[in-house]
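>>> model the following, please.
(one chain, ligands or ions: 1)
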Amino acid sequence: MKKPSQKKQSAIFYTIVPRDLAGHLFNVTLTVANPDPDGQTFALPAWIPGSYMIREFARNIVRIRAERAGAAVALTKLDKHTWRAAPGAGALTLHYEVYAWDLSVRAAHLDQTHGFFNGTSVFLRVVGQEATAHQVDIQRPADAAARTWRVATSMKEAGAKRYGFGTYGAANYDELIDHPVEMGNFELATFEAHGIPHDIVITGRVPNLDMARLQADLKAICETQIAFFEPLTKRAPLERYVFMTMAVGDGYGGLEHRASTALICARADLPTTANQKPGEPGEGYLQFLGLCSHEYFHTWNVKRIKPAVFAPYDLQVENYTPLLWLFEGFTSYYDDLMLVRAGIIGETTYFKLQAKTVCGVLRGSGRLKQSVAESSFDAWSKYYRQDENSPNAIISYYTKGSLIALAFDLTIRAKTGGAKSLDDVMLALWERYGRDFYPSVGRGVTEHEVEALFDEVSGLKLRNLFERYVRGVEDLPLAKLYAPFGVKLADERKTGKASLDAGIGRDPLGAKLTQVHEGGAAHLAGLSALDVVIAIDGLRVNGNPSNVDALLARYRVGDRVPVHAFRRDELMAFDVTLQGDRVPVITLSQAVAGRKPAALK
Ligand code: ZN
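Alright, predicted model coming up:
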């Protein structure tokens with residue numbers, strides 16, 4: 001028998017060793033077979049695609065050195081995330097250490113319970129050689145605790161066995177950093193969606209996890225989405241998909257990738273085999289399924305159909321696009337809609353979810369100042385860096401973007417007599433810009449092309465909608481748009497209820513105003529966000545946020561009440577003229593029996 005030949009190592013080869021679990025350190029080596037002899041440059045991304053904020057991942061590189069043929073090579077640091085090795089011929093190896101203690105879907109995390117990393121946190125880019133094949137040897141930690149660990153990733157095995165430690169590979173750097181890796185003693189289940197294997201990986205203790213239900217529900221969601229984008233072939237644009245989930249006490253988030261998603265959720269949101277209830281999912285589980293549906297939809301919308309400036313990404317600086325309302329907002333519209341089409345929720349629950357979104361959008365006056373196009377563009381410094389004044393200053397391209405999708409959908413359906421819908425627009429985007437995006441990085445879509453495509457597909461002139469609701473700040477006329485479909489959208493707010501019109505949070509001393517809404521009673525009386533209200537009309541406010549409502553329930557709209565509050569450590573007195581509650585209470589209901597919006601069919 002011939003000795004099996006060693007598989008050839010690619011010209012860019014990493015090893016990653018979870019070396020110090022208690023110290024949260026990955027050791028990484030990077031060997032470049034053919035570095036630039038005039039001095040090879042290396043860089044770590046400043047941000048991770050899908051999360052539009054500069055995070056400066058290189059700040060977690062603790063130590064770094066370079067060598068060539070056993071001799072040290074000088075490394076010059078050029079800026080916060082870029083190094084250059086001294087000139088010289090022959091293979092070059094970098095050794096560096098990455099601190100991994102960020103329990104989110106965006107970075108890297110390592111301890112005795114598991115390891116997780118995104119390539120953007122650990123893989124230095126070999127500048128100029130991004131298009132060549134990359135490999136990584138993922139090594140098992142030496143600790144006894146890790147003897148039973150397995151590996152979950154959508155990266156292709158290049159020697160490793162599935163779920164095993166060993167070598168994985170990617171065709172280029174863009175692909176390398178788009179397959180996060182989980183390692184640990186996770187729960188694992190696999191289902192097929194239109195013939196494609198999908199893994200569910202759950203890290204973190206979840207007693208009596210109902211994996212069977214999760215499998216069945218996710219299968220329904222995935223098959224619905226695959227069939228949505230490829231109604232004829234039902235062909236998913238991938239060979240395999242991984243839902244990697246970190247279950248924690250309290251948390252929520254997800255990040256999309258081309259063949260996987262990294263999720264974090266509250267363990268209470270996962271279904272349990274104990275006290276199973278038949279029928280629709282409960283609130284927490286529904287939120288988790290909505291998250292899965294959202295990230296899965298991104299497989300098409302933003303991982304393959306992309307804004308032009310993302311093709312390719314510039315990972316060192318902000319990449320400005322006015323189109324996140326399309327990539328995040330439309331994904332938010334379809335995530336819940338896919339739950340309906342998959343048979344997971346009915347129309348009543350769907351309307352409740354949508355009503356909640358409408359309330360959220362109407363709540364802040366920021367919606368009248370910033371358009372979703374501007375919100376997309378400024379995501380880096382505004383949406384992703386919110387503060388106490390955000391409701392007064394910005395609009396979410398997620399929530400208003402999803403209502404814009406609804407408005408487009410209802411408009412196209414109404415004006416074409418049901419012949420066309422937003423589905424046709426999504427399919428055209430997919431066929432023209434998404435389907436052939438990979439394997440090499442294809443081209444993205446510009447805002448002008450998006451707008452032209454809406455008109456072309458629908459046969460309508462939709463410029464007015466773009467002007468008023470995408471680039472403009474007008475409220476969407478949803479009640480009017482829903483009316484032809486027999487759906488009633490009403491605002492049933494209780495204007496008689498006296499209110500401070502401020503967000504209220506807990507504080508050991510009383511009620512902390514988390515946000516003060518512009519033009520509301522608190523604002524007009526001079527109260528500020530972060531003030532701690534300790535008394536209303538001479539009565540103590542306790543730390544329970546609902547206590548403020550209870551105290552105010554004894555007053556009428558228009559009453560003047562003294563309010564005492566601490567600003568920092570100074571006690572201040574205010575005269576507040578109570579206003580009627582300005583929180584919208586939106587309801588959606590089927591006003592005409594049997595005439596459901598076609599989107600739900
Ligand atoms: Zn998203």
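
>>> give the helix, strand or coil label for the nearest residue to Ser589 once chain neighbours are set aside.
Leaving aside its chain neighbours, Ser589 sits nearest to Lys488 (5.2 Å; criterion: CB to CB, 6 or more residues apart in numbering). From N, CA and C alone the C-beta is placed, and that goes for glycine too. What DSSP: H, G, I helix; E, B strand; the rest coil gives for Lys488 is strand.

>>> and Lys488, what does it touch?
479, 482, 587-591 (CB atoms under 8 Å, 6 or more residues apart in numbering).

>>> and the pLDDT at it?
If you check Lys488, the pLDDT there is 93.

>>> tell me where the model's unsure across the stretch 1-150 of the chain.
Low-confidence segments of the stretch 1-150 of the chain (pLDDT under 70): 1-7.

>>> in it, which spans are strands?
Remark: strands assigned in the stretch 1-150 of the chain by DSSP state E, counting those that start in this stretch are 12-20, 25-32, 41-43, 61-68, 71-73, 75-79, 82-85, 92-99, 108-110, 114-117, 125-126, 134-138, 150-153.

>>> Val450 is in what secondary structure piece?
In this structure, Val450 sits in helix 447-458 according to DSSP states H and E.

>>> can you give me how far that helix is from the chain middle?
Put simply, helix 447-458 sits 26 Å off its chain's centre (CA atoms, centre = their mean, to the nearest Å).

>>> what mean pLDDT does that helix have?
Here the average pLDDT along helix 447-458 is 98.

>>> put the alpha carbons of that helix into PDB.
The C-alpha coordinates for helix 447-458 follow below in PDB (Å, rounded to 0.1, in the frame of the first residue of the first chain):
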ATOM      1  CA  GLU A 447     -29.600  52.900  -5.700                       C
ATOM      2  CA  HIS A 448     -30.500  54.000  -9.200                       C
ATOM      3  CA  GLU A 449     -30.700  50.500 -10.500                       C
ATOM      4  CA  VAL A 450     -32.900  49.500  -7.600                       C
ATOM      5  CA  GLU A 451     -35.300  52.300  -8.300                       C
ATOM      6  CA  ALA A 452     -35.400  51.500 -12.100                       C
ATOM      7  CA  LEU A 453     -36.000  47.800 -11.300                       C
ATOM      8  CA  PHE A 454     -39.000  48.600  -9.200                       C
ATOM      9  CA  ASP A 455     -40.600  50.500 -12.100                       C
ATOM     10  CA  GLU A 456     -39.600  47.900 -14.700                       C
ATOM     11  CA  VAL A 457     -40.900  44.900 -12.800                       C
ATOM     12  CA  SER A 458     -44.100  46.500 -11.600                       C
END
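
>>> that one - contacts with which helices or strands?
helix 399-415, helix 422-429 (3 or more CB pairs under 8 Å, 6 or more residues apart in numbering; DSSP states H and E).

>>> change it to 6 Å
helix 422-429 (3 or more CB pairs under 6 Å, 6 or more residues apart in numbering; DSSP states H and E).

>>> run the chain-centre distance for the helix it packs on.
Relative to its parent chain, helix 422-429 has a centroid offset of 22 Å by CA atoms, centre = their mean.

>>> what's stretch 451-466 in contact with?
Stretch 451-466 is contacted from outside by 412, 415, 420, 424-425, 428, using CB atoms under 6 Å, 6 or more residues apart in numbering.

>>> one more time with 7 Å
Stretch 451-466 is contacted from outside by 407-408, 411-412, 415-416, 420, 424-425, 428-429, using CB atoms under 7 Å, 6 or more residues apart in numbering.

>>> cool, and stretch 86-100?
Applying CB under 7 Å, 6+ apart, the contact partners of stretch 86-100 are 24-33, 35, 37-40, 42, 60-69, 73-74, 85, 108-110, 117, 121-122, 124.

>>> next: stretch 148-155.
138, 140, 163-165, 168, 170, 179-186, 199, 201, 240-242, 244, 259-260.

>>> any idea how far Leu25 is from Thr203?
Applying CB to CB, to the nearest Å, the value for Leu25 to Thr203 is 19 Å.

>>> and what of Leu75?
Leu75 is 35 Å from Thr203, by CB to CB.

>>> picking that back up, now the helix holding Val450 and helix 422-429, what's the angle there?
130 degrees (axes from the mean of the first three to the mean of the last three CA atoms, to 10 degrees).

>>> next structured bit after helix 447-458?
Going down the chain from helix 447-458, the next helix or strand is helix 463-465, by DSSP H and E.

>>> contacts for the helix or strand that comes right after that next one next, please.
Downstream of helix 463-465, the first helix or strand assigned by DSSP H and E is helix 478-482. With contact meaning CB under 7 Å, 6+ apart, helix 478-482 is reached by 358, 403, 406-407, 410-411, 489.

>>> who's more crowded, Leu75 and Thr203?
Shown here are Leu75 and Thr203; by other CB atoms under 10 Å, Thr203 has more neighbours (23 against 17).

>>> residue contacts, that one?
Neighbours of Thr203 in contact, by CB under 7 Å, 6+ apart: 114, 182, 184, 186, 245-247.

>>> now name the helix or strand holding the closest residue to Glu187 other than its chain neighbours.
Once flanking residues are discounted, Glu187 sits nearest to Ile202: 4.2 Å by CB to CB, 6+ apart. Under the criterion of DSSP H and E, Ile202 resides in strand 196-203.

>>> in its sheet, what does that strand sit against?
strand 187-193 (antiparallel), strand 241-248 (parallel) (DSSP bridges).

>>> okay, those strands in TSV with distance to Ala152, mean pLDDT and mean neighbour count next?
Shown next, in TSV, are the strands paired with strand 196-203 (distance: least, CB to CB, whole Å; pLDDT from 0 to 100; neighbours: other CB atoms under 10 Å):
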stretch	distance to Ala152	mean pLDDT	mean neighbour count
strand 187-193	7	98	16
strand 241-248	6	98	23
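
>>> now those as JSON lines including distance to Ser458?
JSON lines is the format used below for these (distance: least, CB to CB, whole Å):
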{"stretch": "strand 187-193", "distance to Ser458": "30"}
{"stretch": "strand 241-248", "distance to Ser458": "31"}
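
>>> count the residues that sit near the nearest residue to Tyr555 once chain neighbours are set aside.
Nearest residue to Tyr555, sequence neighbours excluded (CB to CB, 6+ apart): Ala498, at 4.7 Å. Residues within reach of Ala498, counting by other CB under 10 Å, total 22.

>>> cool, and Ala414?
Neighbour count for Ala414, taken as other CB under 10 Å: 16.

>>> residues near the nearest residue to it once chain neighbours are set aside, how many?
Using CB to CB, 6+ apart and skipping the chain neighbours, the partner closest in space to Ala414 is Pro484 (5.0 Å). Pro484 has 14 neighbours, counted by other CB under 10 Å.

>>> assumed Pro484 was part of a helix.
Yes: counting by three-state DSSP, one finds Pro484 located in a helix.

>>> gap between it and Ala66?
According to CB to CB, Pro484 and Ala66 sit 67 Å apart.

>>> repeat for Ile202
Distance from Ile202 to Ala66, by CB to CB: 39 Å.

>>> filter the contacts of stretch 148-155 to the buried ones?
138, 140, 163, 165, 168, 170, 179-184, 186, 199, 201, 241-242, 244, 259-260 (16 or more other CB atoms under 10 Å).

>>> assign the residue nearest to Glu318 when sequence neighbours are not counted to helix, strand or coil.
In space, and not counting its chain neighbours, Glu318 is closest to Trp380: 4.6 Å by CB to CB, 6+ apart. Following three-state DSSP, Trp380 is assigned to coil.

>>> got phi/psi on Trp380?
phi -60, psi -40 (degrees, to the nearest 10).

>>> now do the contacts for it.
So Trp380 contacts 52-54, 318 (CB under 7 Å, 6+ apart).

>>> which of those residues sits closest to Asn544?
Met53 (33.6 Å; CB to CB).

>>> for that closest one, phi and psi?
phi -150, psi 140.

>>> mind checking how far it is from Leu176?
21 Å.

>>> with Ala550 instead?
Going from Ala550 to Leu176 by CB to CB gives 56 Å.

>>> quick one, which of those two is more surrounded?
More crowded of Ala550 and Leu176, by other CB under 10 Å: Leu176, with 23 against 12.

>>> so what sits opposite the closest residue to that one other than its chain neighbours in the bridge?
Nearest residue to Leu176 in three dimensions, chain neighbours excluded: Ala170, at 3.9 Å (CB to CB, 6+ apart). Residues in a beta bridge with Ala170, per DSSP bridges, are His134.

>>> thank you kindly, that will do.
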